[in-house]
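Q: What follows is a predicted structure for the sequence shown.
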Amino acid sequence: MVHETPAWRYQTQHTITLGYGHVHLLPNHVLGQWFCVEREGGRVLWDRNVAAADSVIEVSEGVIIATETRMSGPCTYTFGVFAVSLDTGELLWTSHTAKGGTRGFAGALLSWFGIANEDHATGVRGSECITAVGRVMDIHTGKEVRRVTPTEDWPAFWKATSPARTLYERHPVDCGSGRILRHGLPGAPKKVGGFPDGTFNLFLSDAEGRALWSFDIANSGYHIRGNYFSYRYSNGCVYMMVSDRPQSVPIDPRKPLFVKDNPAQYFLWVLDVDTGQVCQKIRVTDAEATHCRIEDVDDRAVLVSCDGLALLFTRQEKARG
C-alpha cells in the first residue's frame with residue numbers, strides 16, 4: 001500500500017526533465033535532469049546544469065552516461081557521449097566523434113535518412129559504453145578500448161522492457177496463474193497498436209479467457225491522459241494519475257484538436273489487479289495543478305511530479321489475505 005504522506009518532497013529550480021528523458025528511481029538515488037537526491041532521506045546531493053546532455057542512456061558504477069537530443073524541423077537526432085558523476089554531478093568527460101559531421105537542419109535531414117549523424121552512446125554494460133558506430137569506451141575515463149560491430153544487447157533505459165511498458169504498448173501482460181491483463185473491455189473488438197484515444201479501460205481474464213473483472217474510467221467521473229506518465233502497472237497494481245476534470249480543453253470549440261491545459265485537482269489511484277477494485281485514492285494536490293505525472297514506480301516507491309514538485313511516496317508490500 002502507498003503511504004499517503006510523502007516520505008520527502010523536493011522542489012527543483014528548473015524543469016524536472018529535458019528532451020525525452022524522465023526521472024529515474026535508482027537503488028539509492030533519485031535522478032532527474034539535472035539533479036540527484038538520496039532516495040531514503042531526500043537529501044539533495046546536487047542540482048546543476050550538465051552541459052548539453054538531456055537524455056540519460058544508463059547508470060553504472062556511479063557514472064551516468066547521457067547524450068544530447070536535438071530537434072530541427074521535422075527531424076530528431078542524437079549525438080555525443082557525456083559521462084556524469086552520479087554522486088556529484090561533475091561532468092567527467094565528453095566525446096563527439098562524428099560519423100559525418102554535418103550539423104544543423106542539413107545534418108538532421110541526413111540523419112533522418114541514416115546518411116550522416118554525430119556518433120552517440122547507445123548502451124552501457126558494466127564499466128563500458130558503446131556508441132552507434134561501435135566504439136567501446138571506458139565509462140570512467142572516456143578512453144576508447146576497442147571497436148566492435150554495434151549490437152542491441154547493450155542495456156539502456158530506453159531499451160528496457162517491463163510489464164508497465166508492455167501494458168502501455170497495448171500488449172497483454174501475464175499476471176500469473178493464467179491471468180492476463182489487457183487494455184479494452186470484455187467482448188469489445190480488439191485494437192491493434194496505438195494509444196488510448198481519450199478512453200481508458202482494462203480487464204483481467206482467466207486461463208480460459210473469461211473476464212474476471214473490468215475497469216472503465218468513464219464510469220468513475222474522473223479523467224486520465226492515457227500516456228505513459230499517467231499510469232503504470234507494477235507488482236500486482238495499476239497506479240493511475242487521475243483528475244476531477246479533463247486535463248486539456250479545446251482553445252476554440254470549433255477546432256477541437258487544438259487544446260490548452262486545464263488546471264485540475266489530481267489523485268493517485270491504486271487498482272488492485274487481484275480484485276479489480278481501486279483500493280486507494282490519494283489526493284496529490286491541495287490546489288489545482290496543470291500537470292501531475294507518475295515519473296517512476298518500483299516495489300519500494302512511487303515517484304510523482306506535479307508542476308515541477310517531486311514527491312516520493314514510500315510503499316509497503318501489498319497485503320495478502
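A: Noted; the coordinates are in hand. Numbering: from 1, shown residues only.

Q: among the helices and strands of this structure, which has the poorest mean pLDDT?
A: helix 104-112 (a mean of 50; mean pLDDT, DSSP states H and E).

Q: Can you name the element that comes right after that helix?
A: strand 121-125 (DSSP states H and E).

Q: what's the spacing between that next one and its chain's center?
A: 18 Å (C-alpha atoms, centre = their mean, to the nearest Å).

Q: As a check, name the ranges of all helices in this protein.
A: Secondary structure of the chain (DSSP state H): helices at 104-112, 163-168.

Q: List the buried residues in the last one.
A: Which is helix 163-168. 163-164, 166-168 (16 or more other C-beta atoms under 10 Å). The C-beta positions use only the backbone N, C-alpha and C, and glycine is treated the same way.

Q: Residue ranges in the stretch 201-321 of the chain under the pLDDT threshold?
A: Across the stretch 201-321 of the chain, the ranges flagged by pLDDT under 70 are 316-321.

Q: where do the strands sit along it?
A: Secondary structure of the stretch 201-321 of the chain (DSSP state E, counting those that start in this stretch): strands at 201-205, 211-216, 231-234, 237-243, 248-252, 255-261, 266-272, 277-283, 292-297, 301-306, 309-314.

Q: Kindly format the C-alpha coordinates of the first one as CSV.
A: Extracted as CSV, the C-alpha positions of strand 201-205 are listed here (Å, rounded to 0.1, in the frame of the first residue of the first chain):
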residue,chain,number,x,y,z
ASN,A,201,-10.2,0.7,-19.7
LEU,A,202,-8.7,-2.6,-18.6
PHE,A,203,-9.8,-6.1,-17.9
LEU,A,204,-8.4,-9.3,-16.4
SER,A,205,-9.2,-12.7,-17.9
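
Q: Paired strands for that strand, with orientation please.
A: The strands that strand 201-205 pairs with in its sheet are strand 179-183 (antiparallel), strand 211-216 (antiparallel) (by DSSP bridges).

Q: Could you dump the buried residues of helix 163-168 into TSV with distance to Met241 and pLDDT added?
A: TSV is the format used below for the buried residues of helix 163-168 (distance: C-beta to C-beta, whole Å; pLDDT from 0 to 100):
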residue	distance to Met241	pLDDT
Pro163	18	92
Ala164	13	93
Thr166	19	93
Leu167	15	94
Tyr168	13	92
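
Q: that older thread, mean neighbour count, the strands paired with strand 201-205: which tops it?
A: strand 179-183 (a mean of 18; mean count of other C-beta atoms under 10 Å).

Q: what angle do it and strand 237-243 make?
A: Counting by axes from the mean of the first three to the mean of the last three C-alpha atoms, to 10 degrees, strand 179-183 lies at 20 degrees to strand 237-243.

Q: residues touching the closest residue to Asn201 other than its chain neighbours, list them.
A: Of all residues not flanking Asn201 in the chain, Asp216 sits nearest, at 4.3 Å (C-beta to C-beta, 6 or more residues apart in numbering). For Asp216, the contact set (C-beta atoms under 8 Å, 6 or more residues apart in numbering) comprises 185, 199-201.

Q: Surely Met241 is in contact with Ser230?
A: Yes: judged on C-beta atoms under 8 Å, Met241 makes contact with Ser230 at a distance of 4.9 Å.
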